[in-house]
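all I have is the shape, not the residue letters:
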């Protein structure tokens, strides 16, 4: 029997960036921090320019002839590159299809648990396959299964929209939900009646006619 390989306890070798003194090419094409060309200069002169600007000399193209270096703040550059990589990783989320299974005779507690699972999947950006399983003669109750799936779609309407309506597939009935892209605008079931205060305007009193005296003229 061959001897078992020993576990290598050595730390992995980190690949160090080619900056400053680790650049060993005698001639370099140097780009300044503002993007202007400094031309082809020797390594020592390029290092001196970077040092005067309190920046780093970074090798950006090793295969060019001569190799191309840029004067920059390497710490800031590395931070921005890592930030871009994290943002790209977030955007490259692979959509998966998660399944929620149940029976058409499911009780309320188990139904609430399935709703919770579906909400978690949808918030993660995944699609949800809602499956109602039939056993034996339960296949006769497809209408009840469809009603259950429609109820689930209605309970999840704020988080999801129907991608595929309830459909029988073999001994199952399935429905696909996809995360909602646009927020749902709900219409109020009961319109609130706003009562406006009516201002009562008192009509001005009418001018009273002067009482005529027995002689036909007003007093």
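Great, that's in hand. None of these values were measured; they are calculated from a predicted model.

what about the longest strand in this protein?
Longest strand of the chain, by residue count under DSSP state E: strand 160-169.

list the contacts of residue 146.
Residues in contact with residue 146 (CB atoms under 8 Å, 6 or more residues apart in numbering) are 166, 173. Any C-beta I mention is one placed from the backbone N, CA and C, and that applies to glycine too.

I'd guess residue 80 is in a strand, am I close?
No: if the criterion is DSSP: H, G, I helix; E, B strand; the rest coil, then residue 80 is helix and not within a strand.

list of residues touching the next helix or strand after the longest strand of the chain?
Moving toward the C-terminus from strand 160-169, the next helix or strand (DSSP states H and E) is strand 172-179. With CB under 8 Å, 6+ apart as the contact definition, strand 172-179 has outside contacts at 97, 118, 122-123, 125-134, 142, 145-146, 149, 152-153, 156, 159-167.

and for stretch 58-76?
Stretch 58-76 has contacts (CB under 8 Å, 6+ apart) with 17-19, 23, 25, 27-33, 40, 46, 49-50, 53, 55-57, 77.

sorry, back to before: narrow the contacts of strand 172-179 to those in strands?
97, 127-133, 160-167.

ok, and the closest non-adjacent residue to residue 155?
Among residues not flanking residue 155 along the chain, residue 115 sits closest, at 5.8 Å (CB to CB, 6 or more residues apart in numbering).

give me the pLDDT value at residue 30.
On pLDDT, residue 30 comes in at 93.

scratch that, residue 52 is what I was asking about
90.

tell me how the protein divides into domains.
20-89, 97-179 (automatic domain parsing).

in terms of mean pLDDT, which of these ranks lowest?
Looking at the domains of the chain, the bottom one is domain 20-89 with a mean of 89.

how long is that domain from one end to the other?
30 Å (CA to CA, to the nearest Å).

going forward, begin numbering at 498 instead of 1
Got it, first residue is 498 now, which makes that one domain 517-586.
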